[in-house]
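J.: Predicted model, plus sequence, below.
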Amino acid sequence: MNAHLLCVAPMMDWTDRHCRFFHRLLSPHARLYTEMVTTGALLHGDRVRHLDFDASEHPLGLQLGGHEPAELATAARIGVDWGYDEINLNVGCPSDRVQSGRFGACLMREPALVADCVAAMRAAVCVPVTVKCRIGVDDQDDYADLHRFVETLVGAGLRTLIVHARKAWLHGLSPKENREIPPLNYERVFRLKQEFPQLTIVINGGITTPDAAQSLCGKVDGVMLGRAAYHDPYVLAQSEHVLFGTPLPERDEILARMQPYIEAQLARGEALQHVGRHVLGLYLGLPGARAFRRYLSENMHRPDADFRVIEQAMTRVRELAQAA
């Protein structure tokens, strides 16, 4: 089975370990990713905070941000020793903070350096080393530029490439605008797959429905859902159903299966809001969805909040669904 057929994008401030546990309940087969962790944070910071995960999250990739081959190799080894199944290099984030550290999308201007990073990480670990990039940056956005970039990485041994099918503007657009304003160009990613058939190519960007995911999987090797999987998480379960044939779970069943995890986190001193914020969109589009979100938002911040808050929010959904 293609290990990258369905993936959930690494998203800063969103795909933390609580979010990933929730997403795993929705999709048993999806490949999940951490938020981006910089090499500096991993080499000199709190590794437990950055790296801990629940065993149920496998298969799980660690996304790294950096540009020094030796530091990335060391960080990759740390990640593999921690139990990660894949190391992914961020060559797609356009934020000013990331650019100031000389990593993210600005590295697309330096394919030889990215190739050195890939080669160093591949030599350091036995798990797959992958790259997530854009289709171009600023005015360097001809297909020839992208082809040259990918060809250089293939020469360094890259076997899996995740492509956000928009270019990035490094100046003038916010990260949010960079996810929305540059037009999608799926055809450019399809062409990459045709010209590099040996590469596993995963497409990212603008995929919001299970039908779109299924359609795109006929032209590339896999799809990566981003904001859609967070704002409307049941789309992830529906995509799992379409791509793998997994029975669709009931939304209430998903939350019931989260109860032991949430209670264990609360026992460790975690606040309900840190887990509960990830489930706000679970009932999106159904009667009672707004009441569910409102009740959680108003009550999960209380110091004594526990799983009963989620149960009470679920009760409101049922009551409104019956009245509809």
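T.: Sure, I can see it. Numbering: from 1, shown residues only.
J.: all helices of the stretch 1-150 of the chain, in order?
T.: 17-26, 39-44, 47-51, 69-82, 96-100, 111-124, 143-155 (DSSP state H, counting those that start in this stretch).
J.: now these in JSON lines, with mean pLDDT, mean neighbour count and distance to S239?
T.: The way it works is simple: take the backbone N, C-alpha and C, and place the C-beta from them, glycine included. Below are those laid out as JSON lines (pLDDT from 0 to 100; neighbours: other CB atoms under 10 Å; distance: least, CB to CB, whole Å):
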{"stretch": "helix 17-26", "mean pLDDT": "98", "mean neighbour count": "21", "distance to S239": "9"}
{"stretch": "helix 39-44", "mean pLDDT": "96", "mean neighbour count": "16", "distance to S239": "31"}
{"stretch": "helix 47-51", "mean pLDDT": "96", "mean neighbour count": "14", "distance to S239": "27"}
{"stretch": "helix 69-82", "mean pLDDT": "98", "mean neighbour count": "20", "distance to S239": "26"}
{"stretch": "helix 96-100", "mean pLDDT": "70", "mean neighbour count": "14", "distance to S239": "28"}
{"stretch": "helix 111-124", "mean pLDDT": "98", "mean neighbour count": "20", "distance to S239": "29"}
{"stretch": "helix 143-155", "mean pLDDT": "97", "mean neighbour count": "17", "distance to S239": "26"}
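J.: and G276, which of the ones you listed is closest to it?
T.: helix 17-26 (8.7 Å; CB to CB).
J.: if we can go back for a sec, adding distance to E177, write the helices of the stretch 1-150 of the chain out as a markdown table.
T.: Shown next, in a markdown table, are the helices of the stretch 1-150 of the chain (distance: least, CB to CB, whole Å):
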| stretch | distance to E177 |
| --- | --- |
| helix 17-26 | 23 |
| helix 39-44 | 26 |
| helix 47-51 | 28 |
| helix 69-82 | 29 |
| helix 96-100 | 13 |
| helix 111-124 | 24 |
| helix 143-155 | 21 |
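J.: what about these, which gets the closest to A264?
T.: Using CB to CB, the nearest of the helices of the stretch 1-150 of the chain to A264 is helix 17-26, at 10.4 Å.
J.: still on that earlier bit, how about the helices of the stretch 1-150 of the chain, which one is nearest R227?
T.: helix 17-26 (12.5 Å).
J.: Which parts of the stretch 151-300 of the chain are helices?
T.: With DSSP H, counting those that start in this stretch as the criterion, the stretch 151-300 of the chain has helices spanning 175-178, 186-195, 210-216, 227-231, 234-244, 251-267, 272-276, 289-299.
J.: Just put those helices in TSV and tack on mean pLDDT and distance to L113.
T.: Below are the helices of the stretch 151-300 of the chain laid out as TSV (pLDDT from 0 to 100; distance: least, CB to CB, whole Å):
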stretch	mean pLDDT	distance to L113
helix 175-178	82	22
helix 186-195	98	20
helix 210-216	98	30
helix 227-231	97	29
helix 234-244	98	34
helix 251-267	98	40
helix 272-276	98	37
helix 289-299	97	44
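J.: which one of the ones you listed lies closest to L5?
T.: helix 234-244 (5.7 Å).
J.: could you say what helices and strands that closest one packs with?
T.: Judged by 3 or more CB pairs under 8 Å, 6 or more residues apart in numbering; DSSP states H and E, the packing partners of helix 234-244 are strand 6-8, helix 17-26, helix 210-216, strand 222-225, helix 227-231.
J.: returning to that earlier point: ok, which of the helices of the stretch 1-150 of the chain comes nearest E250?
T.: If we rank these by CB to CB, the stretch that ends up nearest is helix 17-26, at 11.4 Å.
J.: can you count the residues close to D138?
T.: 16 (other CB atoms under 10 Å).
J.: correct me, but it touches G172?
T.: No - the criterion here is CB atoms under 8 Å, and D138 misses it with G172 at 9.3 Å.
J.: Break the protein into its domains for me.
T.: Segmentation of the chain into domains, based on automatic domain parsing, reads 6-244, 251-323.
J.: So which of those has the densest surroundings on average?
T.: domain 6-244 (a mean of 19; mean count of other CB atoms under 10 Å).
J.: what distance separates the start and the end of that one?
T.: Distance across domain 6-244, first residue to last, is 9 Å (CA to CA, to the nearest Å).
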